[in-house]
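Undergrad: Provide a 3D model corresponding to the input given below.
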Amino acid sequence: MTQFALAACAEMIWRERAIEWRASRLTEMGFGVGLWNWPEHDLAKLEATGATFTIMNGYLAGRLTDDEGAAELLRTARETAQIGKRLGVQRLNLHGTGLGERGLPVQPIEVVTGDMWLKARDTLCRVADMAEAEGVIFTLENLNLPVDHPGVPFGRAEDTLALVSSIDHPRLRLNLDLYHAQIGEGNLIELCRKCLPWIGEIQVADVPGRCEPGTGEVNWHGIARALKAMGYAGPVGMEAFASGNPEAALEAFRNAFTV
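TA: Numbering: from 1, shown residues only. Predicted coordinates:
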C-alpha cells in the first residue's frame, strides 16, 4: 500500500475550536495542516503546536492583472513569505485576485484581456524571482467560477496551467484543486496528467457539498490509483468541511488516498 502525504485545512473542521487546537489534533492524527490568512491567528501558539504547515495563503491583497494590483500582491506576498518561513510553511498560495467575503473577488473581472494575461505572467515571473531569493515556494490555485468564485480571473485549471507551465520555474507550482476543477471542467484524471510536471499540491473535496471524499459524485479512490500510476508523490490536502464527525471525515479522506 502506498499512502500520499496527507494534510487538511484546519480552517474548515472543528470550527468551534481554537486554530492551535485543530493544528495539534491534525498532527496527532498524522496529517499536515493547511491554513488561510495568517493575520487572523496567534503565530506563537501555532509555532508551539509543532505542526507541519503544508500550505497557507501567500498574499493578503492584490491581483495579477494590472500594475497597482501586482504591486500590492508582491508587497503582501513578500511579507507573507517571512511568516511562511517562521512557521515552516511548505507552499504559499496565490489566486488571480484577492478574495473577500464568501470567497468572492474583491475586484471581479468578467473579461480577461490579452494585456491582462501578459501582466499576469509578468507578475508571476516576479513572484518566482522573489521566491527564489527568499527560499520559498508559491503555488497558483484554480477556482471554480459557476458556484463559489464568479469573477475571479484565471480561475480555470486550464488557465493556471497555461501561466505556470509557460514560466516553468521550480519556485512556482500549481495548487491543483480538484473540487473546483470538477465543478468547472471535469475530466479530473486527464487534468492531473496534463498538470503533473508542475503540481505542487493537490487539494480535494467532494462535489456537491464540499465535504470529505465519499460524500459526493467523485471516485476519489480511482483518482488516487491513477495518481499513483502516474508517479505522483506529492501532497494531497483535504480542503473540505466535515459532513458529520470531523475525525470520521479525516479517516474517510485517508482511506480514499491509501492505495
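Undergrad: mind listing the helices in this protein by residue range?
TA: 19-28, 43-48, 67-87, 114-134, 157-167, 178-184, 188-195, 220-230, 246-256 (DSSP state H).
Undergrad: between these, which gets nearest to Cys211?
TA: For Cys211, the closest of the helices of the chain is helix 246-256, at 7.0 Å, according to C-beta to C-beta. Just so you know, the C-beta spots here come from the backbone N, C-alpha and C atoms, and that holds for glycine as well.
Undergrad: what is the orientation angle of the closest one with helix 19-28?
TA: Interaxial angle, helix 246-256 versus helix 19-28 (axes from the mean of the first three to the mean of the last three C-alpha atoms, to 10 degrees): 40 degrees.
Undergrad: buried residues in helix 246-256, which are they?
TA: Within helix 246-256, the residues scored as buried using 16 or more other C-beta atoms under 10 Å are Pro246, Ala249, Leu250, Ala252, Phe253, Arg254, Ala256.
Undergrad: likewise stretch 194-206?
TA: Buried, per 16+ other C-beta under 10 Å, within stretch 194-206: Cys195, Trp198, Ile199, Gly200, Glu201, Ile202, Gln203, Val204, Ala205, Asp206.
Undergrad: out of the helices of the chain, which is the most enclosed?
TA: helix 178-184 (a mean of 24; mean count of other C-beta atoms under 10 Å).
Undergrad: could you say what helices and strands that one packs with?
TA: helix 157-167, helix 188-195, strand 199-204 (3 or more C-beta pairs under 8 Å, 6 or more residues apart in numbering; DSSP states H and E).
Undergrad: any chance of these in CSV, with distance to Ala8 and mean pLDDT too?
TA: CSV is the format used below for these (distance: least, C-beta to C-beta, whole Å; pLDDT from 0 to 100):
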stretch, distance to Ala8, mean pLDDT
helix 157-167, 21, 98
helix 188-195, 20, 98
strand 199-204, 10, 98
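Undergrad: okay if I get the helices of the chain as a markdown table plus distance to Thr97?
TA: Shown next, in a markdown table, are the helices of the chain (distance: least, C-beta to C-beta, whole Å):
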| stretch | distance to Thr97 |
| --- | --- |
| helix 19-28 | 25 |
| helix 43-48 | 26 |
| helix 67-87 | 7 |
| helix 114-134 | 10 |
| helix 157-167 | 12 |
| helix 178-184 | 15 |
| helix 188-195 | 21 |
| helix 220-230 | 29 |
| helix 246-256 | 29 |
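Undergrad: CA atoms only for stretch 202-212, dumped as PDB, please.
TA: Taking Å, rounded to 0.1, in the frame of the first residue of the first chain, the C-alpha atoms of stretch 202-212 are listed here in PDB:
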ATOM      1  CA  ILE A 202      -3.400  18.600  -5.000                       C
ATOM      2  CA  GLN A 203      -6.500  19.600  -3.000                       C
ATOM      3  CA  VAL A 204      -9.700  17.700  -2.700                       C
ATOM      4  CA  ALA A 205     -13.300  18.000  -1.600                       C
ATOM      5  CA  ASP A 206     -16.300  16.100  -2.900                       C
ATOM      6  CA  VAL A 207     -18.900  17.500  -5.200                       C
ATOM      7  CA  PRO A 208     -21.600  18.700  -4.500                       C
ATOM      8  CA  GLY A 209     -21.300  20.000  -0.900                       C
ATOM      9  CA  ARG A 210     -17.600  20.500  -0.500                       C
ATOM     10  CA  CYS A 211     -17.300  17.800   2.200                       C
ATOM     11  CA  GLU A 212     -14.900  14.800   2.600                       C
END
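Undergrad: ok, residues contacting it?
TA: For stretch 202-212, contacts defined as C-beta atoms under 8 Å, 6 or more residues apart in numbering pick out 141, 175-179, 182-183, 192, 213-218, 220, 227, 232, 234-243, 249-250, 252-253.
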